[in-house]
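Q: Make a model of this:
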Amino acid sequence: MSAIPTDARALITDSVELASLPSVVMKAMELLNNPRTSASDVGQIISQDPALSVRLLKIVNSAFYGFPSRIDTISRAITIVGTLELTDLILGASAIHAFEKIPNQLVNMEKFWDHSLYAGIVARILARYLRAPNTERCFIMGLLHDVGSLILFRQQPDRSRQALELCVEQSMPLHLAEREIFCFDHGEVGAELMHAWKLPACFIEVARHHHQPSAAECYRLETAVIHLADVITDMARGATISGKQVSPLEPGAWELTGLSVDVMEQVVAEADAQFEEARAAILPGIKAA
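A: Presented below is the predicted three-dimensional model:
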């Protein structure tokens, strides 16, 4: 049995090679954070990874995005989709690809990514209702909110199984059971992974606190959106992981967003309508569950 990590950061130190982002992606994200960078600069970097270029162009040309004319180059995608939005799509596509080939005995990967994608779609819809400036960022934060679970399941399968058993025995939410077993949870693991990936602070805080948005300090609204998206997804589609309890709603979460719970039915209807198109674009390598 592997040694138990002392904290989430120690676990990520041992795992970062397991789910690392390609160097081309890291370079592109650095460039995109530089205001002097042109679309063609980024296009040249991303084009060094033909597989990533194909994935991105397939996503932006999909029915999920519905742009009126075909987008044939990465530089044109940046011009049409937007620099920040394409950065986030690069991140989402690459993160899924990084985890795609990792076998996992404790979770059905198709169901895991279906849950994550649906949560991302719900987050995007909620962000649109809020007139948030970057709905795409909420989509990707929703898509990646549970990646810490994959690291835990892969690196600490025996103790992760104990946490899942504790869920069932005590009807306890998974993140609380993980704290009992590990003294940290998958949100903290995800936050440390995103820190290792050098992602913006909002990704790190949302991952860390998506089960308790009131604990977020700088990005409480975004964290509340992802929290609600996670809860709504569990309610609409059921828990992803065998034995996992449906994610509990933190009291006051709706109030943090300023939205009414009455929008939930419409949000689910919109997410249901978008899901298959999004799945074909974002999860082409993942079999339908």
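
Q: Give the residue spans of this protein that score low on pLDDT.
A: Counting by pLDDT under 70, the chain shows low-confidence ranges at 1-6, 14-19, 101-103, 239-245, 285-289.

Q: count of neighbours near Gly66?
A: Close neighbours of Gly66, defined as other C-beta atoms under 10 Å, add up to 8. Placement of C-beta: from N, CA and C, glycine included.

Q: Please apply the same query to Arg154.
A: 19.

Q: now whatever helix or strand it lives in, how far from the centre of its chain.
A: Arg154 is part of helix 147-155, with elements assigned from DSSP states H and E. Mean-position distance between helix 147-155 and its chain equals 13 Å (C-alpha atoms, centre = their mean, to the nearest Å).

Q: Show me what secondary structure element comes after that helix.
A: Next helix or strand after helix 147-155 toward the C-terminus (DSSP H and E): helix 157-170.

Q: quick check: angle from the helix or strand following that next one to helix 147-155?
A: Heading C-terminal from helix 157-170, the first helix or strand you meet, by DSSP H and E, is helix 174-182. Relative orientation of helix 174-182 and helix 147-155, computed by axes from the mean of the first three to the mean of the last three C-alpha atoms, to 10 degrees: 40 degrees.

Q: Let me see the contact set for Ala224.
A: Each residue near Ala224 by C-beta atoms under 8 Å, 6 or more residues apart in numbering is listed here: 213, 216, 253, 256-257.

Q: Out of those residues, grab the one that's most surrounded.
A: Pro213 leads the contacts of Ala224 on contacts (other C-beta under 10 Å) with 24 neighbours.

Q: Next one: that residue from His145, what distance?
A: Look at Pro213 and His145: by C-beta to C-beta, to the nearest Å, they are 12 Å apart.

Q: which helices and strands does the helix holding Arg154 pack with?
A: With contacts defined as 3 or more C-beta pairs under 8 Å, 6 or more residues apart in numbering; DSSP states H and E, the packing partners of helix 147-155 are helix 8-15, helix 83-100, helix 109-129, helix 174-182, helix 186-196.
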